[in-house]
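Enquirer: quick one: sequence plus predicted model below, questions after.
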Amino acid sequence: MCGIIGYTGTKKASEIMLDALELLEYRGYDSAGIALSDEAGRGTRITKCAGRVKDLRALCEKEDVSGCCGIGHTRWATHGGVCDENAHPHRFGKVTVIHNGIIENYRQLIEKYELDGKLLSQTDSEVVAAVLSRFYEGDPYSAIRKTVLKLKGTFALAIMFDDIPGKIFAVRNVSPIVAANTEDGAILSSDVAAIVPFTTQYFVVPEFHVVCLSRDGIEMYDLSGDKAYIEWLTVDWDVSRSDKGGYPYYMEKEIMEQPQVIKDTILPRIKDGKPDLSAEGIEDSMLAECQRICVIACGTAMHAGLVGKSLIQAMIGIHVDVVMASEFMYNDPVVDDKTLVIAISQSGETIDTLEALKFARKCGSPSISIVNVKGASIARASEHVIYTNAGPEIAVASTKAYTTQLAVLYLLTARMAIARGLWDEAQTQSYMSELLRVPEVMEEVLSAKEEIHHIADTILNAKDVFMIGRGLDYSILLEGSLKLKEVSYIHSEAYASGELKHGTIALITEETPVIAVVTQDKLKSKELSNIKEVQSRGAKVILLIKGDEVLEQEKIWSRIFRLPVMADEFMVMPASVVLQLIAYYVSLDKGLDVDKPRNLAKVVTVE
Ligand code: F6R
């Protein structure tokens, strides 16, 4: 949460930072601000306000924002409401700070350093500026070291000192910072997206290391003051993928990219017609020897895990738990060296998932993470990582990251079946050829997007929408419902259709829209009966069903979308795309900010 940018070089820093903050805005968009370091000895100047980056841009037009070195921030409020004072940067004495994360002991620090009455904001971040200022006697490294040792919590800090113009210092714990050289200086950010316009070479600042950016480049030291080695990485996605590519919103662009990114995710991992995870260092023995699996993830990623559970339990026959990472620690988790832990995360930074993964590793569990962002904390904390090659996902609502997570879970399930000797050549071939059909089937759904748009019109003014299905259909509806809630603000609930009659059916009234998904042959007759139950109570049913399905009963739907046909276990792929498009069009037609729904942020680094 919160986007961080820092630039020092020969160009106008405010322009670079404002452009970068727009790219980072999906991380948080309550308020924004920049601070410029002044080589003319005028100290550090701060411009900040509650609101979006466009409001900051307007403010910058009225103020003196000259200077070639600065730090900038876009905020997702945690401590302190949304107001100008709480916007970052924060300044105390000669120190200016921007912060991403949460300082848990900020109250104790206020008391210890007698800061009560001396702070201008209600944020934990200003406390860090004050503590840094207390320790600063001309040596930035010493002040940072002493401060960091006093902090409890998570932080990515970018810091400037009034009397060291042209230099930016940064340090982090858990919350991410990446840094890179530019042709005229250096840049840092909480996310590679802001660095890509300048270079494809970057590095992830290791935890508890201090980096110093200047026009001459970057230096890095560990907390004991020893120079540290920088491990450079290369951005390996197409740079053009980080703009909107002519679409009105990133969400639409990212939905449309799915056939390509699914190919990018699966093709490099198929050798001789078989799934191959050897490049990830995943040995068959690991997949063959585990006795159970525990998937930890949050939100959409957790919903991907639920699909994975159905696949693995059906095809491998071992027990799979899917645990919300935020609840993991409160249920006295039972994981051991026979439990393969799979952590799923687009950002690779979700703190609940990261902490749960670390706990499982301490218990001796072998681990694989499925992550989109290269070098992210969860990727580094797990034994093996399978990257979803989805490219940058900018819209807050996850779409292509979800389906590429599913694609990886299909590969993993197949490799596990082979590793355990469960499949013969013919079974492997038929499964893999179906997996390879996913991109073209998705294309088919995407080419029907106007038809789906018309279907979305029918729920535009709904107050509540219910979604019903069983088994795999239910798993994807949980995700479809989350998508609709987050981008359209329509209350929606996914219900296992058999469970509906145990209470929730009381909420179905005349005209309530109910989206029903029927893609599993073995569940079809029961699912159709459940649809009749809601229809006979007046519900308006939107039915998503396999294209070749013959419906013998009387008409049970108000709207129908016929999905391209795949083997049942793969039907989640086309059906998910339809649900994504329904959510997208409802949000679009309501005139909402599709990519930045209220109260949300793309990366959740607070517990
Ligand atoms: C919803 C969404 C969230 C994330 C969740 C986990 O569209 O994107 O529910 O899935 O916050 O985030 P990651 O995958 O980054 O761990």
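Expert: Yep, that arrived.
Enquirer: how many residues are close by the closest residue to the ligand within the stretch 351-500 of the chain?
Expert: Sorted by distance to the ligand under C-beta to the nearest ligand atom, the residues of the stretch 351-500 of the chain start with residue 398, at 3.3 Å. Any C-beta I mention is one placed from the backbone N, CA and C, and that applies to glycine too. For residue 398, the count of nearby residues is 27 (other C-beta atoms under 10 Å).
Enquirer: cool, and residue 168?
Expert: Neighbours around residue 168, by other C-beta under 10 Å: 30.
Enquirer: that one contacts residue 210, doesn't it?
Expert: No. Taking contacts as C-beta atoms under 8 Å, residue 168 lies outside contact range of residue 210: 11.1 Å.
Enquirer: picking that back up, spell out the secondary structure type for the residue of the stretch 351-500 of the chain closest to the ligand.
Expert: coil (DSSP: H, G, I helix; E, B strand; the rest coil).
Enquirer: show the contacting residues for it.
Expert: By C-beta atoms under 8 Å, 6 or more residues apart in numbering, the contact list for residue 398 reads 299, 300, 301, 346.
Enquirer: any of those buried? List them.
Expert: Buried subset of the contacts of residue 398 (neighbour count, 16 or more other C-beta atoms under 10 Å): 299, 300, 301, 346.
Enquirer: show the contacting residues for whatever residue of the chain ends up closest to the ligand.
Expert: As assessed by C-beta to the nearest ligand atom, the ligand sits closest to residue 299 within the chain, at 1.9 Å. For residue 299, the contacting residues are 398, 482, by C-beta under 8 Å, 6+ apart.
Enquirer: what's the answer for the one 5 residues further on, then?
Expert: By C-beta under 8 Å, 6+ apart, the contact set of residue 304 is 297, 344, 370, 402, 405, 406, 409, 479.
Enquirer: please flag which of these sit within strands.
Expert: Counting by DSSP state E, those place 297, 344, 370 in strands.
Enquirer: which helices and strands does the helix or strand bottoming out on mean pLDDT in the chain pack with?
Expert: Using mean pLDDT, DSSP states H and E, strand 233-234 stands out as the lowest-scoring helix or strand of the chain, at a mean of 88. In this structure, strand 233-234 makes packing contacts with strand 201-204, judged by 3 or more C-beta pairs under 8 Å, 6 or more residues apart in numbering; DSSP states H and E.
Enquirer: show the subsequent helix or strand relative to the strand it packs on.
Expert: Scanning forward in sequence from strand 201-204 by DSSP states H and E, the next helix or strand is strand 209-214.
Enquirer: got the CA positions of that next one in PDB?
Expert: Listed next in PDB are the C-alpha coordinates belonging to strand 209-214 (Å, rounded to 0.1, in the frame of the first residue of the first chain):
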ATOM      1  CA  HIS A 209      20.000  -2.300   3.900                       C
ATOM      2  CA  VAL A 210      20.500   1.400   3.400                       C
ATOM      3  CA  VAL A 211      20.700   2.700  -0.200                       C
ATOM      4  CA  CYS A 212      21.900   6.100  -1.200                       C
ATOM      5  CA  LEU A 213      20.900   7.500  -4.600                       C
ATOM      6  CA  SER A 214      22.800  10.400  -6.100                       C
END
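Enquirer: what strands line up against it, and which way round?
Expert: strand 168-173 (antiparallel), strand 217-222 (antiparallel) (DSSP bridges).
Enquirer: what does this protein put close to the ligand?
Expert: 298-301, 345-347, 350, 353, 397-398, 482, 486, 604 (C-beta under 6 Å from any ligand atom).
Enquirer: cutoff 5 Å now
Expert: Proximity of the chain to the ligand, by C-beta under 5 Å from any ligand atom, involves residues 298, 299, 300, 301, 345, 346, 347, 350, 397, 398, 604.
Enquirer: contacting residues around the nearest residue to residue 149 once chain neighbours are set aside?
Expert: The spatially closest residue to residue 149, leaving aside those adjacent along the chain, is residue 223, at 7.8 Å (C-beta to C-beta, 6 or more residues apart in numbering). Counting by C-beta under 8 Å, 6+ apart, residue 223 touches 145, 148, 149, 208, 209, 210.
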